[in-house]
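>>> below are the sequence and a predicted model; questions follow.
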Amino acid sequence: MAPGKQDRQVNLSGGKFIIPSDPKGFQDPKYWDTFFASRSTAFEWYGNFLGSADILCKYIKPKDDIMVIGCGNSEMSAEMYYTGLRKITNIDISQVVVDRMAKKYKDDCPDMKFVKEDVMNMSTIASESFSVVLDKATFDALVADGSATSTEIAGKICCEVDRVLKLGGRYICITLGQRHVLNQLVITMANRYGGII
């Protein structure tokens, strides 16, 4: 993905990358291959596991089968693995990052899996496979605004998360809590389950 007229190239530690001028640019799978190809180090959207471990460990236990959606090149899953959370499957739309992460952690985290998958259509993931789905910024990135397209994307994400969760499973969504994101989460969950608590 070449920079558009309004896109910005940003220099951060570990590499340069292009930020789309329109947040909907984050919905393009090609953007993510370009993003991860340009980064040599981890990029931690919203922080790492250690910064949120006190809260996350209340809801995630070593016995859980965990799926991390939109894992990117974050070190969060490895940090979770090192603390005893071993049953982790990481998915991402970018084959570039999936291959890189699988290679990076194959020796240190041999039980951890990396799979190329689209969170809106997880075709290779069996229903009721996970007790926890962890989302750190993926919903935020894909639900760009309050448009009909974002509403459709929110519905697809929630439908797939619901499908892969076991009965009693937990969807943990780490978000900036932007109004349009919270509205989409609340509306989608209310429509799907007839209300939320």
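That came through, no problem.
>>> quick one: the longest strand along the chain to chain centroid distance?
Criterion DSSP state E: the longest strand present in the chain is strand 165-174. When distances are taken as C-alpha atoms, centre = their mean, to the nearest Å, strand 165-174 is centred 14 Å away from the chain's centroid.
>>> ditto for stretch 72-91
12 Å.
>>> cool, and stretch 175-185?
How far stretch 175-185 lies from its chain's middle: 15 Å, per C-alpha atoms, centre = their mean.
>>> list the buried residues of that stretch.
For stretch 175-185, the neighbour count (16 or more other C-beta atoms under 10 Å) marks Thr175, His180, Val181, Gln184, Leu185 as buried. Every residue, glycine included, has its C-beta placed from N, CA and C.
>>> against Pro62, how distant is the fourth one?
Relative to Pro62, Gln184 is positioned 32 Å away (C-beta to C-beta, to the nearest Å).
>>> re earlier: what's in contact with the longest strand of the chain?
Residues outside strand 165-174 that contact it (C-beta atoms under 8 Å, 6 or more residues apart in numbering): 46, 52, 56, 59-60, 65, 128-137, 139, 158, 161-162, 185.
>>> the same query, at a cut-off of 6 Å, please.
Tyr46, Tyr59, Glu128, Phe130, Ser131, Val132, Val133, Leu134, Asp135, Lys136, Phe139, Val161 (C-beta atoms under 6 Å, 6 or more residues apart in numbering).
>>> what's the answer for stretch 106-124, then?
With contacts defined as C-beta under 6 Å, 6+ apart, stretch 106-124 is touched by 69, 78, 81, 86, 88-91, 93, 95, 98, 101-102, 105, 156-157, 160.
>>> quick one: distance of that stretch to the chain centre.
From the chain centre to the centre of stretch 106-124 is a distance of 11 Å (C-alpha atoms, centre = their mean).
>>> name the nearest residue to Gln95, sequence neighbours excluded.
Excluding the flanking residues, the one nearest Gln95 by C-beta to C-beta, 6 or more residues apart in numbering is Lys116, at 4.9 Å.
>>> what about the one you found, how many residues close to it?
By other C-beta atoms under 10 Å, 16 other residues sit near Lys116.
>>> any idea what it is bridged to?
Beta-bridge partners of Lys116, counted by DSSP bridges, are Asp92.
>>> per-residue pLDDT, Thr149?
Thr149 is assigned 89 on the pLDDT scale.
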